[in-house]
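Engineer: Give the three-dimensional model of this entry:
(2 chains)
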There are 2 protein chains.
Amino acid sequence: MTHAPDPDLDLVLERVVPLNRALIWRAWTTPALALKWFTPAPWKTVACELEPRPGGILHVVMRSPEGEDFPMTGTWLDVVPHERLVWTNALAPGFRPADPGPHGPTITAAITLEAHGAGTLYRAVAMHRNAADREAHAAMGFQEGWGKALDQLVEAVKDL
Amino acid sequence: MTHAPDPDLDLVLERVVPLNRALIWRAWTTPALALKWFTPAPWKTVACELEPRPGGILHVVMRSPEGEDFPMTGTWLDVVPHERLVWTNALAPGFRPADPGPHGPTITAAITLEAHGAGTLYRAVAMHRNAADREAHAAMGFQEGWGKALDQLVEAVKDL
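Structural biologist: Numbering: from 1, shown residues only, chains lettered A, B, ... in the order given. Below you'll find the model as predicted:
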């Protein structure tokens, strides 16, 4: 299903990128590629597991410049090849409610890909529980962080 | 996807009921029928909205014998007609993380229906975040409550 962003509850990154949809799809669904782009530098992604099907695992470990690891685990909700990826860390793999962790915002992320000339209109929507969570995520640097990760995604796959 | 219950985290109600799978499916997906059975007496279900597709709404209002209303809203995750229904109140409709409410446990419920002679093997699994949530739900009377609701379901549709 598609999602019309709610300005009070969602954060949106939208950009035309010079990649076809298939390459972006590979970047999002291939662990060896996601390791290269998922976490904005100088942070790194040091582990990644992806089963892009409803109920499958999404697991990444992000490492800070100081060497501290921040794991995130969630599950996929809606997966339409080359078109749409929806995942959440409010549920664990198999759809079990997630035990709230100490780190990071609880979100559902919807990534949609739309052909745009030779490139793709890339839209990422982060949905939050409430306005306070949205504000906190904006203050953490959503736009800059997700934008930089998208730059890294383009670099990671543009020559494939 | 099917789910193998985790004895530390899940509660399970399993029973053979004298209804075919299609009737049980109607009971679970038709608001006018769910109003008759969803909440164990002497509580009542006084409002119900059901869109059994991933991301669609599941909303019920349960009324206590004292007249207090307890709304619950969630969304469907996996819907296979006559076979499987999975929903959660950890997410709101459209998959947004749910704002935690004051009432009731956070669960993902998986209902599976398997033909069993002229009847159906009905299995309901309630998945919890952690062992403490499971214990609290067991102490609230999961077995008795969900069992009584299933009795009411059979009564509500057996003559249809």
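Engineer: Quick check: closest non-adjacent residue to A:Arg134.
Structural biologist: A:His128 (4.3 Å; Cβ to Cβ, 6 or more residues apart in numbering or on different chains). Using the backbone N, CA and C atoms, a C-beta is placed for each residue, glycine as well.
Engineer: Quick one: residues contacting the one you found.
Structural biologist: A:9-11, A:105-107, A:134, A:137, B:96-97 (Cβ atoms under 8 Å, 6 or more residues apart in numbering or on different chains).
Engineer: Not counting its neighbours along the chain, what's nearest the residue located most distally from the centre of chain A?
Structural biologist: Going by Cα atoms, centre = their mean, the residue of chain A most distant from its centre is A:Gly117, 23.7 Å out. Setting aside the residues directly before and after it, A:Gly117 is nearest to A:Val16 in space (Cβ to Cβ, 6+ apart), at 8.0 Å.
Engineer: Distance from the chain centre to the helix or strand that contains the one you found, please.
Structural biologist: Element membership for A:Val16 (DSSP states H and E) is strand A:10-17. Here strand A:10-17 is found 11 Å from its chain centre; the criterion is Cα atoms, centre = their mean, to the nearest Å.
Engineer: how about the helix or strand just after it: buried residues?
Structural biologist: Per DSSP H and E, strand A:10-17 leads on to helix A:21-29 as the next helix or strand towards the C-terminus. By 16 or more other Cβ atoms under 10 Å in any protein chain shown, the buried positions in helix A:21-29 come out as A:21, A:23-29.
Engineer: Pull the residues that contact the helix ranked longest in chain A.
Structural biologist: Identified as the longest helix of chain A according to DSSP state H is helix A:142-157. Identification of contacts with helix A:142-157 by Cβ under 8 Å, 6+ apart yields A:11, A:13, A:15, A:17-19, A:23-24, A:26-28, A:33, A:36-41, A:122, A:124, A:126.
Engineer: rerun at 6 Å
Structural biologist: A:11, A:13, A:17, A:23, A:27, A:33, A:36-37, A:40, A:124 (Cβ atoms under 6 Å, 6 or more residues apart in numbering or on different chains).
Engineer: can I get those residues in a markdown table with pLDDT and distance to chain B?
Structural biologist: Converted to a markdown table, the contacts of helix A:142-157 look like this (pLDDT from 0 to 100; distance: Cβ to the nearest Cβ, whole Å):
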| residue | pLDDT | distance to chain B |
| --- | --- | --- |
| A:Leu11 | 98 | 13 |
| A:Leu13 | 98 | 17 |
| A:Val17 | 97 | 24 |
| A:Leu23 | 97 | 26 |
| A:Ala27 | 98 | 22 |
| A:Leu33 | 98 | 25 |
| A:Lys36 | 98 | 27 |
| A:Trp37 | 98 | 24 |
| A:Pro40 | 96 | 22 |
| A:Ala124 | 98 | 14 |
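Engineer: Can you tell me which of these is closest to A:Glu49?
Structural biologist: Comparing those against A:Glu49 with Cβ to Cβ places A:Leu33 closest, at 13.2 Å.
Engineer: so who does the residue nearest to the closest one when sequence neighbours are not counted touch?
Structural biologist: Distance criterion Cβ to Cβ, 6+ apart; nearest residue to A:Leu33, sequence neighbours excluded, is A:Ala27 at 4.9 Å. A:Ala27 makes contact with A:33, A:153, A:156-157, according to Cβ under 6 Å, 6+ apart.
Engineer: Please repeat the previous calculation with a cut-off of 7 Å.
Structural biologist: Taking Cβ atoms under 7 Å, 6 or more residues apart in numbering or on different chains as the contact definition, A:Ala27 lies against A:33-34, A:37, A:153, A:156-157.
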